[in-house]
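Trainee: here is a sequence with its predicted model. Questions after.
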Amino acid sequence: MVRRQDPGSSSKDKDNKQEIDENGVSDSKSNVKETVIKPKSQKADQSEDDPFEPLVEQLESLRSLLIKSAVTFVLWFVIIFATVRWWFPVVSMGTDIVVFGPFEVIRFYIRTSAAMSLGLSVPFICWYLWQYVRSGLIEQKNTQFLKGSMGFMFGLFLIGIAFGYFVVHPLSYFFLIEMGERNFDVLVTADEYMSFLLVTTIPFGLIFQLPLIVLFLNHIELLDSDLMKKSRKFAYFGLLVITAIIAPPDFFTHIITLLPMIGLYELSIILVRRKEKRAAEKKKSESR
């Protein structure tokens, strides 16, 4: 006997086959999509978790810092070199200096312009450095301390330069010239004079940063006033060694140079002590 097929059942079978085919196609499409999407997500994760990305950003910031500093230095150099006839009488302070050839004149102008350009570029370079540090290299509390100390740093640098130019340089220079003229005819070349002027001015601009350095070390809890008091003798000896290195080789100039450095150290102790008192009072008020 031949069984008759139910038309309803055949249509159901066709529908089931279509559903199976559609499911199979959809599953295959989803698998294809998953295989296509997975590498993209992996690449995104790799780009997000790239350990070298912060380093690249810091190197780019450092590159920008160096470029801006170099441009600032070059601009100051061009301005100073072009106006040499106006500032040279101020730098020479009316002293008699000689040159032994045209090349020494050019070398003197270039060296003097470079030294003055570097000194005038220091505030701008410090500002560029502050912008670089602010990008996240150090903690927020340290950046706030540095930001509030920028004007203090510039002021100390200028005071140190002024002290070297108006006090240390003329006293030591004329003392040595007078001592040499007792037995010799002294001829000072422009190159020697400039070297002596730089030695007696620039280092003092850096040495006068001592209070700021001490305050920063106290701010990051590496130094306190008690430790500075206990190590006062060793600090004085270190200052004496620094004075012997940077000051001209005469006892009178050493004394003139050493006394302000000792005063800066004692001033640093006073500033640190006041800072510690303010911090202690702030903690007491917060605990209440």
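Mentor: Perfect, thanks for sending it.

Trainee: just for the stretch 151-288 of the chain, where's the confidence low?
Mentor: 248-249, 288 (pLDDT under 70).

Trainee: how near is the residue nearest to residue 105 when sequence neighbours are not counted to residue 131?
Mentor: In space, and not counting its chain neighbours, residue 105 is closest to residue 99: 5.2 Å by CB to CB, 6 or more residues apart in numbering. In short, each C-beta sits where N, CA and C put it, glycine included. Relative to residue 131, residue 99 is positioned 42 Å away (CB to CB, to the nearest Å).

Trainee: next: residue 71.
Mentor: Going from residue 71 to residue 131 by CB to CB gives 15 Å.

Trainee: and residue 192, by the same measure?
Mentor: Following CB to CB, the distance that separates residue 192 from residue 131 is 39 Å.

Trainee: outline the domain layout of the protein.
Mentor: The chain breaks down by automatic domain parsing into domains covering 54-137, 139-283.

Trainee: using PDB, write out every CA atom in the strand or helix carrying residue 172.
Mentor: Using DSSP states H and E, residue 172 sits within helix 169-181. Output of helix 169-181 as PDB, limited to C-alpha atoms (Å, rounded to 0.1, in the frame of the first residue of the first chain):
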ATOM      1  CA  HIS A 169      84.100  90.400  41.000                       C
ATOM      2  CA  PRO A 170      85.400  94.000  41.600                       C
ATOM      3  CA  LEU A 171      86.900  93.200  44.900                       C
ATOM      4  CA  SER A 172      88.700  90.100  43.800                       C
ATOM      5  CA  TYR A 173      89.700  91.600  40.400                       C
ATOM      6  CA  PHE A 174      91.200  94.800  41.600                       C
ATOM      7  CA  PHE A 175      92.900  93.100  44.500                       C
ATOM      8  CA  LEU A 176      94.600  90.700  42.100                       C
ATOM      9  CA  ILE A 177      95.500  93.500  39.700                       C
ATOM     10  CA  GLU A 178      97.000  95.600  42.500                       C
ATOM     11  CA  MET A 179      99.000  92.700  43.800                       C
ATOM     12  CA  GLY A 180     100.400  92.000  40.300                       C
ATOM     13  CA  GLU A 181     101.300  95.600  39.500                       C
END
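
Trainee: name the residues of it that are buried.
Mentor: Neighbour counts over helix 169-181 (16 or more other CB atoms under 10 Å) mark 169, 171-173, 176 as buried.

Trainee: what helices or strands is that helix leaning on?
Mentor: helix 190-199, helix 251-287 (3 or more CB pairs under 8 Å, 6 or more residues apart in numbering; DSSP states H and E).

Trainee: what is the helix or strand following the first one packed up against?
Mentor: The C-terminal neighbour of helix 190-199 among helices and strands, as given by DSSP H and E, is helix 202-207. In this structure, helix 202-207 makes packing contacts with helix 102-134, helix 140-163, helix 232-246, helix 251-287, judged by 3+ CB pairs under 8 Å, 6+ apart.

Trainee: and those helices as TSV, adding distance to residue 60?
Mentor: As requested, the helices and strands packed on helix 202-207 are exported to TSV (distance: least, CB to CB, whole Å):
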stretch	distance to residue 60
helix 102-134	11
helix 140-163	19
helix 232-246	37
helix 251-287	36
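
Trainee: which of the ones you listed sits closest to residue 61?
Mentor: The closest of the helices and strands packed on helix 202-207 to residue 61 is helix 102-134. By CB to CB, the value is 5.4 Å.

Trainee: chain center to that closest one, what's the gap?
Mentor: Centroid separation between helix 102-134 and its chain, computed with CA atoms, centre = their mean, to the nearest Å, is 15 Å.

Trainee: what's the angle from that helix to helix 190-199?
Mentor: 20 degrees (axes from the mean of the first three to the mean of the last three CA atoms, to 10 degrees).

Trainee: summarise which helices and strands helix 102-134 is packed against.
Mentor: In terms of contacts (3+ CB pairs under 8 Å, 6+ apart), helix 102-134 is packed against helix 53-82, helix 84-92, helix 140-163, helix 190-199, helix 202-207.

Trainee: and the average pLDDT for it is what?
Mentor: Mean pLDDT, computed over helix 102-134, is 82.

Trainee: in that helix, what counts as buried?
Mentor: Neighbour counts over helix 102-134 (16+ other CB under 10 Å) mark 108-109, 112-113, 115-117, 119-126, 128, 132-133 as buried.

Trainee: which one of the buried residues of helix 169-181 sits closest to residue 241?
Mentor: residue 172 (18.3 Å).

Trainee: surely the closest one meets residue 246?
Mentor: No: Residue 172 lies out of contact with residue 246 (CB atoms under 8 Å); the separation is 11.2 Å.
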